[in-house]
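**Q** Starting from these lines, generate the structure:
(chains A and B)
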Amino acid sequence: MASFAESGPRRPVVESIRVDKVSPGARATGAVRALIVLLVALIMLIPIYVMFATAFKTRIDVTASPPKIFFQPTLEGLVLLFTDRALAAPARVQELQQLEAQGKLNLFEQLALASGQEITGPSPYVGRIVNSLIIAGASTFLSVLLGVLAGYAFSRFNLPGKDDLLFFILSTRMLPAVVVTIPLFLMFRQVGLYDNHIGMILLYTVFNLSFSVWLMKGFFDEIPREYEEAALVDGYSRLQTFFKIVLPQSVSGIAATTVFCLIFAWNEYAFALMMTAEKARTAPPSIPSMIGRGGVEWAAIAAGSLGFLIPVVIITFALRKYLLRGVTFGAIRQ
Amino acid sequence: MATIQLKQVEKKFGDAYAVKPLDMTIADGEFIVLLGPSGCGKTTTLRMISGLETVTGGQILLNDKNVTWLHPSARDIAFVFQFYALYPHINVHDNIAFPLQAQGEKKELIDERIKQVVELLRIQHLLNKRPGGLSGGDKQRVALARALVRRPAAFLMDEPLGALDADLRETMRAEIRQLQLRLNATTVYVTHDQIEAMAMGDRIVVMNTAVVQQVGTPTEVYYNPANLFVAKFIGSPGMNLVQGQFADGVVQLPGENRYPLPDGWKNAMTRGENVVVGFRPESAHVNPEGKLHGEVYATDMHGSYNMLHVNMAGDNVVHLRADRATRYPIGANIRFDIDPPMARFFNPQNEMALRRQ
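**A** Numbers count the residues shown, from 1 in each chain, chains lettered A, B, ... in the order given. As a prediction, the model looks like this:
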């Protein structure tokens, strides 16, 4: 039989013949796979859903058994989370009851009546979220900045004792946090860094530094030196070359490092619990401490966890295209 | 343009020499090719001239000014890399503009210069593209444009055609040479490809094991190699080299071959001395009355000629260029002659060429 290549198509080709010829069997397998992935994803998302739902449930709905799937959402949890309350005086309760009879209660007054407590001001949680933002933000900025500079130096220059230094930097991560907490606590108290923003920023920066230095070194290693050399002979100084050539090419590395450092600093619990009390306490250790006040406020806890989740989700989502390269770095050479 | 002078320039890594002390003067507008196998020190030499590598001894003069310890950016030298080193995050226009921006030139001047250089290299249509999407040849043209746009004192090129396929390499070879002649640009060009070196260079610097073996025009290094290394390295295949013994005006070669010395060589060697006879494939001719003989070991048809591999005895295989019409069966005994003026002789001990006396 004459081959296609010799004789050409028998009929004029009006549309491509090789696209979309997927067999029904293959299509079915694809669908089954997608279904399985979807199911696994749903199972994984259950705790997130429970947290999300609990945050908007009333006190009664939270503990209802069997758990309610459909419920009247309320902002009660959020109010409890962000406010401080005190028992309302009997006179005030009566006043509220009268107002209720007239149907003139706003949300806060309804809550006050239901729980017998009145809002006296913002809860410490607000300040702790702010602490978290300050400490996680500043320490992430510092560890990425130092990581970029040190990673570049380790990648490009022949430093004396380079391998030993790199190992030393890595070794700072070898002990689990629990082991170093007590000595650190004693030292921090001694030098006045206990319950101090600067202390916490320092602590998280140092903790993240080994990670960011190694990660950034890996990224810089992947950028061929020739770009810099080309810029050097093109008339630029080392520093200009770094800013004009190296930094733009390492954006994905910087983004990945930023997210990893931020997630650590934002989520860190053990150090924060030990090293802070009131002034510099971050959000993670203060969420479970809400358990202790006037019964377990599950809705408040869930609302706190949810709010706590959001910044990381936003940043991770914003940097996701860099992250994918970040987690697979080294696997692919250009 | 400029002259470049190297005075006893050397580069050591620890105790090992990457380049042994080296003297070289490159004239204004000259195209110099540094040629050698990988690891011979040619690229290191080039990088020392550019300042990307520091010297461990000696001086580099550019236009009689000592630039040995100047930062690369202060040397007014352009470098073209094997893998182009085009900045991937900016488009072609900005890549070409990059060196001019370093000098703080005005935008009008930059645009004017870019216009000239892209016309010269015929890459106007690429200006808005990112380097990542260009073909190898176009990338190299852009890299050349980036080097040319500055009008530097000298061009240094590190195997700029090494990453291109054979066809394109020949085109680009002619393009670079033509540009160089047009601009009268002092150029130092590194390659391991001897054909490229022969085709492009005004002079070739042959290097091996950190030492300069020979400096000369392509004709000189081809016809009068200074030593065995150059004889073998230049040409494809290289020069035929057969070891023998000299006595009574004749060199005894393997397989009962006796090669009478051409005029002028008898005084160059002493009786009983071992010598290596060298000749190019094209200076040997099959001749039924020839003085040398051997057995046909293989034949390669090269289109315009036949390359015969002739075994003189004991694995001493030499290459002869023979006429394409005649067929030489494998195993046949043939006789051949060497063009008397084309025969060369080497001392096998110090590997140096003997000179006619």
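**Q** List, one by one, the residues from the stretch 101-250 of chain A near chain B.
**A** With C-beta under 8 Å from any C-beta of the partner chain as the criterion, the stretch 101-250 of chain A meets chain B at residues A:224, A:226-227, A:229-237, A:240, A:245, A:248-249. (C-beta placed from N, C-alpha, C; glycine too.)
**Q** for the closest residue to residue B:126 other than its chain neighbours, what are its contacts?
**A** Closest residue to residue B:126 in three dimensions, ignoring its sequence neighbours and counting by C-beta to C-beta, 6 or more residues apart in numbering or on different chains: residue B:92, at 4.8 Å. The contact partners of residue B:92, by C-beta atoms under 8 Å, 6 or more residues apart in numbering or on different chains, come to B:86, B:123, B:126-131, B:134, B:142.
**Q** In contact with the residue of chain A at minimum distance from chain B, which residues?
**A** With C-beta to the nearest C-beta as the measure, the residue in chain A that lies nearest chain B is residue A:235; the distance is 3.4 Å. Shown in contact with residue A:235 (C-beta under 8 Å, 6+ apart): B:73, B:99, B:102-103, B:150.
**Q** and the residue of the stretch 101-250 of chain B found nearest chain A, what is it in contact with?
**A** Of all residues in the stretch 101-250 of chain B, residue B:102 sits closest to chain A, with a separation of 3.4 Å (C-beta to the nearest C-beta). By C-beta under 8 Å, 6+ apart, residue B:102 lies in contact with A:234-236, A:240, B:73.
**Q** Reformat the contacts of residue B:92 into TSV and put neighbour count and pLDDT next to each item.
**A** Formatted as TSV, the contacts of residue B:92 follow (neighbours: other C-beta atoms under 10 Å in any protein chain shown; pLDDT from 0 to 100):
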residue	neighbour count	pLDDT
B:86	25	90
B:123	19	88
B:126	24	90
B:127	18	90
B:128	9	90
B:129	15	89
B:130	16	88
B:131	20	87
B:134	18	86
B:142	26	91
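**Q** Quick one: end-to-end distance for stretch A:83-96.
**A** From its first residue to its last, stretch A:83-96 covers 19 Å (C-alpha to C-alpha, to the nearest Å).
**Q** Check what contacts that stretch and list those residues.
**A** When contacts are taken as C-beta under 8 Å, 6+ apart, the neighbours of stretch A:83-96 outside the stretch itself are A:105, A:109, A:112-113, A:115-124, A:294.
**Q** 6 Å - rerun?
**A** Contacts of stretch A:83-96 with the rest of the structure, by C-beta atoms under 6 Å, 6 or more residues apart in numbering or on different chains, involve A:109, A:112-113, A:116-121, A:123.
**Q** Repeat that for stretch B:202-218.
**A** Outside of stretch B:202-218, the residues that reach it under the criterion C-beta under 6 Å, 6+ apart are B:17-20, B:22, B:30-36, B:40-42, B:197-198, B:201, B:221, B:226-227, B:229-230.
**Q** Now the residue of the stretch 101-250 of chain B closest to chain A. Nearest residue, chain neighbours left out?
**A** Once flanking residues are discounted, residue B:102 sits nearest to residue A:235: 3.4 Å by C-beta to C-beta, 6+ apart.
**Q** Let me know the pLDDT of the one you found.
**A** Residue A:235 is assigned a pLDDT of 89 by the prediction.
**Q** where's it relative to residue B:255, distance?
**A** According to C-beta to C-beta, to the nearest Å, residue A:235 stands 63 Å off from residue B:255.
**Q** Any regions of the chain where pLDDT drops low?
**A** Picked chain A for this. Counting by pLDDT under 70, chain A contains low-confidence residues at A:1-22, A:291-294, A:324-334.
**Q** actually chain B
**A** B:1.
**Q** helices or strands up against the longest helix seen in it?
**A** In chain B, ranked by residue count with DSSP state H as the criterion, the top helix is helix B:166-183. With contacts defined as 3 or more C-beta pairs under 6 Å, 6 or more residues apart in numbering or on different chains; DSSP states H and E, there are no secondary structure elements packing on helix B:166-183.
**Q** The helix or strand just after that helix and chain A in contact?
**A** Scanning forward in sequence from helix B:166-183 by DSSP states H and E, the next helix or strand is strand B:187-191. No: using C-beta under 6 Å from any C-beta of the partner chain, no contact is recorded between strand B:187-191 and chain A, whose separation bottoms out at 12.9 Å.
**Q** Now do strand B:187-191 and helix B:166-183, the angle between them.
**A** Here strand B:187-191 runs at an angle of 160 degrees relative to helix B:166-183 (axes from the mean of the first three to the mean of the last three C-alpha atoms, to 10 degrees).
**Q** So what touches strand B:187-191?
**A** The list of residues contacting strand B:187-191 from outside it, by C-beta under 6 Å, 6+ apart, reads B:31-35, B:42-43, B:46, B:155-159, B:180, B:197.
**Q** repeat that for 8 Å
**A** Outside of strand B:187-191, the residues that reach it under the criterion C-beta under 8 Å, 6+ apart are B:4, B:26, B:30-35, B:42-43, B:45-46, B:49, B:154-162, B:180, B:197, B:200-201.
**Q** These in helices, which ones?
**A** Mapping these onto helices (DSSP H) picks out B:42-43, B:45-46, B:49, B:180, B:197, B:200.
**Q** thinking again about what came up before, can you put the contacts of stretch A:83-96 in JSON lines and add neighbour count and distance to residue A:254?
**A** Conversion of those to JSON lines gives the following (neighbours: other C-beta atoms under 10 Å in any protein chain shown; distance: C-beta to C-beta, whole Å):
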{"residue": "A:109", "neighbour count": "17", "distance to residue A:254": "50"}
{"residue": "A:112", "neighbour count": "20", "distance to residue A:254": "49"}
{"residue": "A:113", "neighbour count": "19", "distance to residue A:254": "53"}
{"residue": "A:116", "neighbour count": "15", "distance to residue A:254": "52"}
{"residue": "A:117", "neighbour count": "17", "distance to residue A:254": "47"}
{"residue": "A:118", "neighbour count": "20", "distance to residue A:254": "49"}
{"residue": "A:119", "neighbour count": "18", "distance to residue A:254": "43"}
{"residue": "A:120", "neighbour count": "10", "distance to residue A:254": "45"}
{"residue": "A:121", "neighbour count": "11", "distance to residue A:254": "41"}
{"residue": "A:123", "neighbour count": "21", "distance to residue A:254": "36"}
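**Q** So which of those are in strands?
**A** Judged by DSSP state E, strands contain the following of these: A:117-121.
**Q** Which PyMOL command selects the buried ones in the contacts of residue A:235?
**A** Restricted to buried positions by 16 or more other C-beta atoms under 10 Å in any protein chain shown, the PyMOL selection for the contacts of residue A:235 reads:
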select buried, chain B and resi 73+99+102+150
